[in-house]
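Undergrad: Provided below are the primary sequence and the corresponding predicted coordinates.
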Amino acid sequence: QLELVESGGGLVEPGGSVRLDCQAAGFPDSFENYAIAWFRQAAGKEREGVACVSRFGAQFTYTDSDRFTISRDNARNTVFLQMINLKSEDTATYYCSSRWDFCSRSRDAYDSWGQGTQVTVSS
């Protein structure tokens, strides 16, 4: 059974940094064949795409590309989202998701989702 588990969230001061991890398990074939994306959902708002890394390692940032970086370690079945210079508007639950092959900005394109990790940016 495919499983995605997010970690690394918490309370961060404005201007701070955090790295979120998405640990994957149970893919029917190799993890490296899958695109992994990060989405976020703030209270009262729709879930929006943040970044995605494709099957071949191409990286796409959909939100504020100067502050967010996505990467993957196929040997560890893990995708990372590094966020710097955090702002209050980054406060949200962050979810990772997967789909075979290439990235999509649409949440409807993704087959599996983790439970999410909360990031709160506040002093």
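TA: Good, I have the coordinates.
Undergrad: beta partners of the most centrally placed residue in the chain?
TA: Geometric centre of the chain, nearest residue: residue 38, 2.4 Å, by C-alpha atoms, centre = their mean. Residue 38 forms beta bridges with residue 51, residue 96, as assigned by DSSP bridges.
Undergrad: check contacts around it.
TA: 20, 22, 49-52, 70, 79, 81, 94-97 (C-beta atoms under 8 Å, 6 or more residues apart in numbering). C-beta coordinates here come from the backbone N, C-alpha and C atoms, glycine included.
Undergrad: run the last query once more with 6 Å
TA: Contacts for residue 38 (C-beta atoms under 6 Å, 6 or more residues apart in numbering) come out as 50-51, 81, 94, 96.
Undergrad: most surrounded residue in the residues you listed?
TA: Note: the member of the contacts of residue 38 with the most neighbours is residue 96, at 30 neighbours, neighbours being other C-beta atoms under 10 Å.
Undergrad: closest to residue 122 among the contacts of residue 38?
TA: residue 94 (15.7 Å; C-beta to C-beta).
Undergrad: circling back to that earlier point, between the contacts of residue 38, which is nearest residue 111?
TA: Of the contacts of residue 38, the one sitting nearest to residue 111 (C-beta to C-beta) turns out to be residue 96, at 12.2 Å.
Undergrad: mind checking how far the closest residue to residue 8 other than its chain neighbours is from residue 29?
TA: Nearest non-adjacent residue to residue 8, counting by C-beta to C-beta, 6 or more residues apart in numbering: residue 20, 4.2 Å away. With distances taken as C-beta to C-beta, to the nearest Å, residue 20 is found 25 Å from residue 29.
Undergrad: please state the backbone phi and psi of residue 31?
TA: Reported as degrees, to the nearest 10, the phi and psi values for residue 31 are phi -50, psi -40.
Undergrad: was I right about it contacting residue 78?
TA: No - using C-beta atoms under 6 Å, residue 31 is not in contact with residue 78, being 8.8 Å away.
Undergrad: what about stretch 23-34, start to end distance?
TA: End-to-end distance of stretch 23-34 (C-alpha to C-alpha, to the nearest Å): 13 Å.
Undergrad: could you do stretch 43-63 as well?
TA: End-to-end for stretch 43-63, by C-alpha to C-alpha: 17 Å.
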